[in-house]
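In: kindly generate the corresponding structure for this input.
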Amino acid sequence: MLKYLSLIIVSILATTPIFADSKLGLGRTALPSEITAWDVDILPDGRGLPVGNGDAIVGEETFANKCASCHGDFAEGVGNWPALAGGFDTLADEDPVKTVGSYWPYLSTLWDYINRSMPFGGAQTLTSDEVYSIVAYILYSNDLIEDDFVLNEKNFQEFNMYNSNGFIIDDRKISEYPNWSKEPCMENCKKSTTITKRASIIDVTPGENSSEVEIKQSALSSNEKNTASIDPELINAGKKVFKKCKACHAVGEGAKNKSGPQLYEIIGRKMGTANRYKYSKGFKVAAEEGRIWTEELMVEFLRKPKKFIKGTKMSFGGLKKDKDLDAIVAYLKTQDN
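Out: You can find the predicted model right below:
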């Protein structure tokens, strides 16, 4: 055994290059051709772009064949897939539409991402000319170029995106960090304390005669009566439908907010009142009006969220099938996690 082990060690040492500047003597310096093959990123100033060209006319056909199934024929987005066009003048809104045209500061990011990762399921199958033509079509869809504009590696870096000046340099290390690193004051820090703001809802517990309480109790009472009679198969179907929601929402006792509010006891609860969740303006108004989640309103909301509450942060397009809507409401009523 030792004989064979010695032969293996000798063979490894004989084939391993030895470097004076390497402690372990492992590996070798990468060849320029290997670095070039691995280094495929494109920098904002255009460095790394390959030779090639493309226009929106050719790009429209390429986009239709390779991209439109997810992003739409006009880059408007299909279902929950992101829109790539539009959204201009919305960045100051509470719910801005961030697309390539309205938000992205560098065109190189678009070229690099498409070249590396697209189309979905067929990454890195596009030629350089195809990538140029797709990028040109997306620019054309945002009314940023004419359809006959030919994009290439030479004029690429001369193109300024709509939001190129919409970002700031993160200087917190200089402007803020020094203030945070000072020794904290532990006593006699201020001569007086002034209250500058108060909670928007001083008393979150309604009075005994509140109509809100009556509505909620009525809804809860109805829920308790109906829960026992719900078809178990409908509940299980709802649990499956809820898989579309669980990335953003949690249910069950002790559920926590995610990117969306927790949904424990949602039926019969006042809209926009999940503790410590930052709601959109539309839901804040609904809360002020005392609107209560009933089964009917939940169905209406889940069918078309953005139509039900204008400006909702929920990006989900909605459930189209009545059976899915009935099932998920049944599941939410039982709070079966």
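In: tell me where the stretch 1-150 of the chain has helices.
Out: 2-15, 32-38, 56-66, 68-71, 107-117, 128-141 (DSSP state H, counting those that start in this stretch).
In: which one, of those helices, ends up nearest to residue 180?
Out: helix 107-117 (31.5 Å; C-beta to C-beta). All C-beta atoms are positioned from the backbone trio N, CA, C, and that covers glycine.
In: now the angle between helix 128-141 and the closest one, please.
Out: 130 degrees (axes from the mean of the first three to the mean of the last three C-alpha atoms, to 10 degrees).
In: ok and helix 107-117 relative to helix 56-66, angle-wise?
Out: Using the same axes, to 10 degrees: helix 107-117 against helix 56-66 is 40 degrees.
In: give me the contact list for helix 107-117.
Out: Helix 107-117 has contacts (C-beta atoms under 8 Å, 6 or more residues apart in numbering) with 40-46, 49, 100, 104, 123-124, 126, 128, 131-132, 134-135, 138-139, 156-157, 159, 161.
In: now do the buried residues in that helix.
Out: Buried residues in helix 107-117, defined by neighbour count with 16 or more other C-beta atoms under 10 Å: 107, 108, 110, 111, 112, 114, 115.
In: any chance of the residues you listed in TSV, with pLDDT too?
Out: Formatted as TSV, these follow (pLDDT from 0 to 100):
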residue	pLDDT
107	95
108	94
110	96
111	96
112	94
114	96
115	94
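In: looking at the residues you listed, which is nearest residue 311?
Out: residue 110 (27.8 Å).
In: measure that closest one to residue 310 for me?
Out: To residue 310, residue 110 is 30 Å away according to C-beta to C-beta, to the nearest Å.
In: one more: residue 276?
Out: From residue 276 to residue 310 the distance is 24 Å (C-beta to C-beta).
In: please apply the same query to residue 93.
Out: 11 Å.
In: over to residue 102?
Out: Counting by C-beta to C-beta, the gap from residue 102 to residue 310 is 20 Å.
In: in terms of neighbours, single out the busier of those two.
Out: Comparing residue 102 with residue 310 by other C-beta atoms under 10 Å, the one with more neighbours is residue 102, at 21 against 11.
In: could you export stretch 298-312 as PDB, CA atoms only?
Out: Coordinates of each C-alpha in stretch 298-312 appear next as PDB, following Å, rounded to 0.1, in the frame of the first residue of the first chain:
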ATOM      1  CA  MET A 298     -61.600  39.400  -0.400                       C
ATOM      2  CA  VAL A 299     -62.800  37.700  -3.600                       C
ATOM      3  CA  GLU A 300     -63.100  41.100  -5.300                       C
ATOM      4  CA  PHE A 301     -59.600  42.100  -4.200                       C
ATOM      5  CA  LEU A 302     -57.900  38.900  -5.200                       C
ATOM      6  CA  ARG A 303     -59.500  38.900  -8.600                       C
ATOM      7  CA  LYS A 304     -58.100  42.400  -9.500                       C
ATOM      8  CA  PRO A 305     -55.900  43.800  -6.700                       C
ATOM      9  CA  LYS A 306     -54.900  47.000  -8.400                       C
ATOM     10  CA  LYS A 307     -58.500  47.800  -9.400                       C
ATOM     11  CA  PHE A 308     -59.800  47.200  -5.900                       C
ATOM     12  CA  ILE A 309     -57.300  49.400  -4.100                       C
ATOM     13  CA  LYS A 310     -55.600  52.000  -6.300                       C
ATOM     14  CA  GLY A 311     -51.900  52.200  -5.700                       C
ATOM     15  CA  THR A 312     -51.600  48.900  -3.800                       C
END
